[in-house]
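Q: how would this look folded up:
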Amino acid sequence: MNGILIVDKPTDFTSFDVVAVVRKSLHEKKTGHTGTLDPMATGVLPILLGTATKTVNYLPDTDKEYICSFQFGLATDTLDITGKVLDQCPSDIQKSDIESILPNFRGDILQKPPMYSAVSKNGIRLYELARKGIEVEREARPVTISKLELLDFDESTQSGQLQISCSKGTYIRVICDDMGRALHTLCTMTALRRTKACGFDESQAILLQKVRELGEDGIMPYIKPVESLFTHLTDIHITDKQAFRFSNGGSLSLSRLNGISDKTNGTLYRIYHGDIFLGLGSVNAQTGELEFEKKF
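A: Residues are numbered from 1 along each chain as shown. All right, here's what the predicted structure looks like:
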């Protein structure tokens, strides 16, 4: 069974838990995921099946989209509602206050990873140190917030929701915490739902319970082809002779291929023989050839 299954991850499941359920339900040993979601988070989790597991190093670095709930006047050690409460305070933030600071978090910014994260410091995961009550200095990392909008805010409960589109490696709970700091109060994330990842959105996702119910025989209509991960790449259609050569690891002359618009070294293309996806080809600008890159 080869392809991608878009799962709507339930809360209190780790990404590995979801992989384990899919592996057992579909009897597919080669199973993986495209990016970790915290246990409290729900939403889009693309699961790689069979030969699709070989795509991990080629996945596009596309923005991920989230709906995030937050609460002012509360701080926890994990920066989200699952953590130990460290402090509470009265809060009287207005909607206009939030709107005034959001531009500070849009675009290319630097973000410091939280202590409760999988980032390593001197070979030790930060969350391992955090669990021992140890806090260390962390270097801020560049991330991109392409969209950050306030969806709603209840001034009486001091709670609201944000819609966020961001680059890989962005910590949404840090945005909430930083938002509180910017408004001279406390703020923690209370819920998180990923609505888009790897070009797939929540409308394409299937509930994990339904995966269990359908099993191997009923899941096929929900399996997306491997090449759906590479729709951002230009497709090249080749002849019978070229397909034979390419499928056996041979290179193809760029001058004999139609549709090669970018001859920059390392540029990837989707290669097809008729309607059959053969794999990825990579431009070698020095030799003037499209080299065999990967077959899935």
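Q: scan the protein for its longest strand.
A: strand 141-154 (DSSP state E).
Q: can you list the strands that that one pairs with?
A: strand 107-111 (antiparallel), strand 159-166 (antiparallel) (DSSP bridges).
Q: dump the C-alpha coordinates for the shortest one into CSV.
A: Spelled out, that is strand 107-111. Extracted C-alpha coordinates of strand 107-111, given in CSV (Å, rounded to 0.1, in the frame of the first residue of the first chain):
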residue,chain,number,x,y,z
GLY,A,107,6.8,38.4,8.6
ASP,A,108,10.4,37.2,9.3
ILE,A,109,11.0,37.2,13.1
LEU,A,110,13.2,35.5,15.6
GLN,A,111,11.6,33.1,18.0
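Q: please convert the strands paired with strand 141-154 to CSV, extending it with distance to residue 228.
A: C-beta coordinates here come from the backbone N, C-alpha and C atoms, glycine included. Below are those laid out as CSV (distance: least, C-beta to C-beta, whole Å):
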stretch, distance to residue 228
strand 107-111, 29
strand 159-166, 20
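Q: those strands: which one's closest to residue 26?
A: strand 159-166 (30.9 Å; C-beta to C-beta).
Q: does the closest residue to residue 201 other than its chain neighbours sit in a helix, a strand or a coil?
A: Excluding the flanking residues, the one nearest residue 201 by C-beta to C-beta, 6 or more residues apart in numbering is residue 195, at 6.1 Å. With DSSP: H, G, I helix; E, B strand; the rest coil as the basis, residue 195 sits in strand.
Q: the helix or strand containing residue 271 pairs with which strands?
A: Using DSSP states H and E, residue 271 falls within strand 268-273. Strands that pair with strand 268-273, judged by DSSP bridges, come out as strand 235-237 (parallel), strand 276-284 (antiparallel).
Q: residues contacting the first one, please?
A: Strand 235-237 is touched from outside by 257, 258, 259, 260, 269, 270, 271, 272, 273, 274, 281, 290, with contacts defined as C-beta atoms under 8 Å, 6 or more residues apart in numbering.
Q: need the contact list for the fourth one.
A: Taking C-beta under 8 Å, 6+ apart as the definition of contact, the neighbours of residue 260 are 236, 254, 269, 283, 290.
Q: follow-up on the earlier one: quick one, which of the strands paired with strand 141-154 gets closest to residue 43.
A: Checking these against residue 43 by C-beta to C-beta gives strand 159-166 as the closest, at 12.3 Å.
Q: right, I'll call it a day here.
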